[in-house]
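Undergrad: let me see the structure of the following:
(2 chains)
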Protein chains: 2
Amino acid sequence: MKTFDEIYKLIKNNQIIEARNLLVKMNVVDIAQFYETIFEDEDEEHFIVLFRVLPKDIAANVFSYLSPEGKSHIIQSVTDKEITYILDELYLDDVVDLIEEFPANIVKRLVENTDEPRRTLINKFLQYPNDSAGGIMTIEYVALKKEMSVAEALAHIKSVGVDKETINTCYVMSSDRKLEGVISIRKLILSDDDVIVGDIMDTHLISAKTLDDQEVVADVFKKYDFIALPVVDKEGRLVGIITIDDIIDIIESENTEDFHKMAAMQPSQTDYLRMSAWELSKNRIPWLLFLMISALFTGNIIESYEEAIIQVTALSTFLPMLMDSGGNAGSQSSTLIIRGLALGEIETSDFFKVLWKELKISIIVATILNAANFVRLYFLGSTDLMLAITVCLSLYFTIILAKMVGGILPIIAKKFNMDPAIMAGPLITTIVDALALLVYFATATQLLGIG
Amino acid sequence: MKTFDEIYKLIKNNQIIEARNLLVKMNVVDIAQFYETIFEDEDEEHFIVLFRVLPKDIAANVFSYLSPEGKSHIIQSVTDKEITYILDELYLDDVVDLIEEFPANIVKRLVENTDEPRRTLINKFLQYPNDSAGGIMTIEYVALKKEMSVAEALAHIKSVGVDKETINTCYVMSSDRKLEGVISIRKLILSDDDVIVGDIMDTHLISAKTLDDQEVVADVFKKYDFIALPVVDKEGRLVGIITIDDIIDIIESENTEDFHKMAAMQPSQTDYLRMSAWELSKNRIPWLLFLMISALFTGNIIESYEEAIIQVTALSTFLPMLMDSGGNAGSQSSTLIIRGLALGEIETSDFFKVLWKELKISIIVATILNAANFVRLYFLGSTDLMLAITVCLSLYFTIILAKMVGGILPIIAKKFNMDPAIMAGPLITTIVDALALLVYFATATQLLGIG
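TA: Below you'll find the predicted structure:
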């Protein structure tokens, strides 16, 4: 953006104050992005200068939006006092993320510059699994008491709100920290001052447990259109809240995980460009190896029909078409079912509905594809009639088998508590390849009088 | 849930008041889900009874969470007065969605029961494309003036807030409706009563234009962690806001679209189980047909090497392994790049970085796969040495080609303003199949002295 070019020029001319005055008007996310480009230009000196000119609260905020490399450079370049300030300004969940992300030497510096009560809290947070509700929650929420009047509640919010991640939803706790109710800032503002919080709070509580999987938490947000969700421990005591901005990241990362699994890779959350060729290879090799060896066994089917191929060499011409069409037809079905299961639109109890639907679809699809295929082979390609019929019949049954297999395997996987996403294109293709070849050569042997 | 079973029993026993008292304590989303199960049981009589016992504001809210079938049944079963009430309680964006979703006869009834000013508004909204910012925005926002004091602003919010979709973010407009600033309810509450809104509002405005694509809007939410975004027209006048609960649905539907495209289907937003076999088939046939015909051409490559297959029939044994491994290796690369492009982690300008990285990865992957392959073929499978070398060399180059093609085609698609998601598994497999066969037979001809 134009403004950022100007600011960069000012900094280079040592007009620090002018640069600062322009910077503070921008959105922190944009400032962080601007810093990132400077850092990538390896202009590390100006990167640090620019960071130091920011007012401290904005600096901490910008820091939280920087890349791991940018953050680590700042931590290594600034004074202990500055680190302490940044850590104090960050929300606890961001500090915990920082500690989980960084190598030991940096973490040591971080921990040394945190005061004792906060250090205890951080240690407690580090015990929750990364992808659990406890691992993504934050503790900066507004707690109210049900005896408070609306006026008292608003006054309390005014006194503590500045340090809270959100004040849009407030939580009503008993004296032993049990969650008793939830009340939105909207409800408080729209109510009269002398109304008692306990009388208007929402007592129909929906909350997460600390060890709930983040995917389950995301589903709750999606279902109820929440913007924040309380997290309670086994005894029902409120320990933190999860806000919607973190949920959007989780939804995207769960989707990324499915995309990766469905393409036969170990999922990874790191940016492609930040990963080494070796790390990326490691994620790809296991499945490729497994599928390659499976396909070698599929090859044995061809080997056992060697005699047929020698008699009718044209048979091998149609192998790519049959195997690819089978694989594609199966991948379509499995993708729809995997996605439907992920979004909760399909349940394992829909097994027979899916089976029946895929059967009908596969008959429609196979009929139309075969019409085109027959025209192409017999009328346009002058293929021998019996061979054309062999190919068409094989394609017909291959597509039906492919769609049945693709439709039900993800449901079966889910039934056995496996991730349906592994039952996607690559695995389905390998399975369908074998089926397609068996059907093909069996049909050929019958119709072409081979053997 | 247990409570819902009880409620259903009460209704069946005609204990309407008792049922109602239990119902109103539940979350509206759960009530809607409970109604849905009754509707699916085809107990339409109790479905309508249950709907009518609800207090009207809860009824309208429950209505907005029902399935299209449930909604349409209610509209056809209740009185005009009841329809008017539901429509008045719904936010305008939900009414517009309703009208876009339903057949003409129902829409007629809806429009007849809407008052004139609202009807004009609805018509205006219907002109925005469904997937544009204008198509997803709502007009129920809080508008403030910059001359107001914080106390005046809060008093204004208190008087109008009950009808607004959100009060968490408020919008400051000039007298000609130009957007001048944004202020959060948090900022208002944490500020002193006599502070002037214009002095503390955020003037660094980030907004959407009415015709912006919903995907672009979602990216803004993701980038800035917003919970609401103002929408302005060409003249910068505020016309509506978009709230984060709608954005989550959009993110999921954009992901669904990518999943479908990447499995060679026309994307669809309707639930799998709600679509007919014919509709589902229509989405699947075009790509299958195109890929089938492409694969027939690939088959021609085999045909032109018929002589080689007759001399060394074992060559055909390795076709599935070569083609599948190539397809899988290419799909892995294309999936990572398509996802990276979708999340903004990879730009088209990273073309050469991706090319170089995929080259390195493919050499690592091809080397390891070939080691396994050679052991399997030569030492365990007693394949002829020259044939084993032919297969390994072909696999080596196939994987390198596959990963290069898979890595760069999505970027090229994006460069030409096409959707990178079509450059996924199925298409990549078809392309790589042809390359694999060419490499294979060329190598075989050289090494096995065929021809």
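Undergrad: which bits of the stretch 1-150 of chain A sit near chain B?
TA: Contact residues, the stretch 1-150 of chain A versus chain B (Cβ under 8 Å from any Cβ of the partner chain): A:Lys25, A:Met26, A:Asn27, A:Val29. Backbone N, C-alpha and C define where each C-beta goes, glycine included.
Undergrad: does the last one belong to a helix or a strand, and which?
TA: Spelled out, it's A:Val29. With secondary structure defined by DSSP states H and E, A:Val29 is part of helix A:28-40.
Undergrad: so where's the stretch 301-450 of chain A uncertain?
TA: Counting by pLDDT under 70, the ranges of the stretch 301-450 of chain A that qualify are A:450.
Undergrad: that one: helices as residue ranges?
TA: Along the stretch 301-450 of chain A, the segments classed as helices by DSSP state H, counting those that start in this stretch run A:306-311, A:319-342, A:351-374, A:385-415, A:425-447.
Undergrad: can you map out the strands along the stretch 51-200 of chain A?
TA: Under the criterion DSSP state E, counting those that start in this stretch, strands of the stretch 51-200 of chain A are mapped to A:143-144, A:169-173, A:179-184.
Undergrad: give me the domain ranges for chain A.
TA: When chain A is parsed into structural domains using automatic domain parsing, the resulting residue ranges are A:2-127, A:143-243, A:272-447.
Undergrad: with mean neighbour count added, can I get the strands of the stretch 51-200 of chain A in TSV?
TA: Output for those, formatted as TSV (neighbours: other Cβ atoms under 10 Å in any protein chain shown):
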stretch	mean neighbour count
strand A:143-144	19
strand A:169-173	23
strand A:179-184	21
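Undergrad: which one, of these, ends up nearest to B:Leu296?
TA: Between B:Leu296 and the strands of the stretch 51-200 of chain A, the tightest spacing by Cβ to Cβ is seen for strand A:169-173, at 59.7 Å.
Undergrad: from the chain's centre, how far out does the closest one sit?
TA: 29 Å (Cα atoms, centre = their mean, to the nearest Å).
Undergrad: now list the buried members of the residues of the stretch 1-150 of chain A next to chain B.
TA: A:Met26, A:Asn27, A:Val29 (16 or more other Cβ atoms under 10 Å in any protein chain shown).
Undergrad: and of those residues, the nearest to B:Ile157?
TA: Within these, the smallest distance to B:Ile157 is 24.2 Å, found for A:Asn27 (Cβ to Cβ).
Undergrad: contact partners for the closest one?
TA: A:Asn27 makes contact with B:His204, B:Ile206, B:Tyr224, according to Cβ atoms under 8 Å, 6 or more residues apart in numbering or on different chains.
Undergrad: contacts with chain A among these, please.
TA: Of the entries in these, those that also sit close to chain A under the rule Cβ under 8 Å from any Cβ are B:His204, B:Ile206, B:Tyr224.
Undergrad: dump the residues you listed to a markdown table, plus neighbour count and pLDDT.
TA: Output for the ones next to chain A among the contacts of A:Asn27, formatted as a markdown table (neighbours: other Cβ atoms under 10 Å in any protein chain shown; pLDDT from 0 to 100):
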| residue | neighbour count | pLDDT |
| --- | --- | --- |
| B:His204 | 12 | 84 |
| B:Ile206 | 15 | 90 |
| B:Tyr224 | 16 | 88 |
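Undergrad: which of those residues fall in strands?
TA: For the ones next to chain A among the contacts of A:Asn27, not one is inside strands, with DSSP state E as the criterion.
Undergrad: and which of the residues you listed is nearest B:Val197?
TA: Compare each of the ones next to chain A among the contacts of A:Asn27 with B:Val197 using Cβ to Cβ and the shortest gap goes to B:His204, at 15.6 Å.
Undergrad: the closest one touches A:Lys25, doesn't it?
TA: Yes - judged on Cβ atoms under 8 Å, B:His204 makes contact with A:Lys25 at a distance of 5.6 Å.
Undergrad: and the pLDDT for the residue nearest to A:Glu345 when sequence neighbours are not counted?
TA: On the basis of Cβ to Cβ, 6 or more residues apart in numbering or on different chains, the spatially nearest residue to A:Glu345 that is not a chain neighbour turns out to be B:Asp271, at 4.4 Å. Among the per-residue scores, B:Asp271 holds a pLDDT of 82.
Undergrad: B:Asp271 and B:Val391: what is the separation?
TA: For B:Asp271, the distance to B:Val391 under the criterion Cβ to Cβ, to the nearest Å works out to 45 Å.
Undergrad: repeat that for A:Tyr8.
TA: The spacing between A:Tyr8 and B:Val391, counted by Cβ to Cβ, is 56 Å.
Undergrad: for A:Val365, same thing?
TA: Relative to B:Val391, A:Val365 is positioned 34 Å away (criterion: Cβ to Cβ).
Undergrad: cool, A:Leu438 as well?
TA: When distances are taken as Cβ to Cβ, A:Leu438 and B:Val391 turn out to be 23 Å apart.
Undergrad: neighbour count winner among those two?
TA: Set A:Leu438 next to B:Val391 and count neighbours by other Cβ atoms under 10 Å in any protein chain shown: B:Val391 wins out with 28 against 18.
Undergrad: OK, contacts around that one?
TA: Here B:Val391 is in contact with B:Phe318, B:Met321, B:Leu322, B:Asn373, B:Leu377, B:Thr383, B:Tyr440 (Cβ under 8 Å, 6+ apart).
Undergrad: assess the claim that the first one and A:Phe297 are in contact.
TA: No - with contacts counted by Cβ under 8 Å, B:Phe318 stays clear of A:Phe297, the gap being 11.9 Å.
Undergrad: quick one: which of the two has more around it?
TA: Comparing B:Phe318 with A:Phe297 by other Cβ under 10 Å, the one with more neighbours is B:Phe318, at 25 against 12.
Undergrad: dump the residue contacts of the more buried one.
TA: Taking Cβ under 8 Å, 6+ apart as the definition of contact, the neighbours of B:Phe318 are A:Leu296, A:Gly299, B:Val391, B:Ser394, B:Tyr440.
Undergrad: any idea which of the residues you listed is closest to A:Asp41?
TA: Minimum separation from A:Asp41 among these (Cβ to Cβ) is found for B:Ser394, which lies at 44.0 Å.
Undergrad: could you count how many residues lie near that closest one?
TA: Residues contacting B:Ser394 under the criterion other Cβ under 10 Å number 25.
Undergrad: kindly report the same for the one 3 residues further on.
TA: Burial measure for B:Phe397: 19 neighbouring residues, criterion other Cβ under 10 Å.
Undergrad: and for it, nearest residue in space, chain neighbours not counted?
TA: Excluding its sequence neighbours, the residue lying closest to B:Phe397 (Cβ to Cβ, 6+ apart) is B:Val439, at 4.9 Å.
Undergrad: quick one, helices of the stretch 51-200 of chain A?
TA: In order along the chain, the stretch 51-200 of chain A carries the following helices (DSSP H, counting those that start in this stretch): A:56-64, A:68-77, A:80-89, A:92-101, A:104-112, A:116-126, A:133-136, A:150-160, A:185-190, A:197-200.
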